[in-house]
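Participant: Give me coordinates for this.
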Amino acid sequence: MDREADEAKNDIDHAANEAQHDMNQAADNAEANAKEAQDDWRRERDEYRAEMNRKIEKNQKDIDDAKAKAKEKKAEARKEYDKKVANLEEKNNKLRARYNEEKADTKEGWSKFKDEFNHDMDELGNAISDVFKDNKK
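Facilitator: From the prediction side, this is the model:
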């Protein structure tokens, strides 16, 4: 009977060791997956930030072009046009500040920021396009 008890104890010890090994392996895999997901999120964020920086700079170039076109307008029309252009520049500067101050440290926070920022960038882009359309009339 002692022999059977020893074998049973050995089987239990072996199963416990295997279970511990499997748990350690699962923990290592989970940690590696979490790190990879974090790296992917950061890479996506960096790419997005570079793209938004290009768009903000393009907006500023378009605004500067609109300012130059204002000189072609008559005084009364130029006054209204200048107000529109100044408003666009203010919005672009506010977006630039928001972009520079963004501190989302979670994927969910980043996603929320990105959705709101995309919406605001689209609105500004449409407003800039509208100023150029009005200028052609």
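Participant: C-alpha only now, for contacts and for neighbours.
Facilitator: OK.
Participant: Leaving out the residues flanking it, which one is nearest to W41?
Facilitator: Among residues not flanking W41 along the chain, K107 sits closest, at 6.7 Å (CA to CA, 6 or more residues apart in numbering).
Participant: what's the neighbour count on that neighbour?
Facilitator: 14 (other CA atoms under 10 Å).
Participant: now the one 4 residues further on
Facilitator: Look at S111: counted by other CA under 10 Å, it has 14 neighbours.
Participant: So it versus G125, what's the distance?
Facilitator: According to CA to CA, to the nearest Å, S111 and G125 sit 21 Å apart.
Participant: Could you identify the helix or strand that succeeds the helix ranked longest in the chain?
Facilitator: The residue-count maximum for a helix in the chain (DSSP state H) belongs to helix 2-70. Moving toward the C-terminus from helix 2-70, the next helix or strand (DSSP states H and E) is helix 75-101.
Participant: Show me what the mean pLDDT comes to for that next one.
Facilitator: For helix 75-101, mean pLDDT is 90.
Participant: Near G109, how many other residues are there?
Facilitator: 12.
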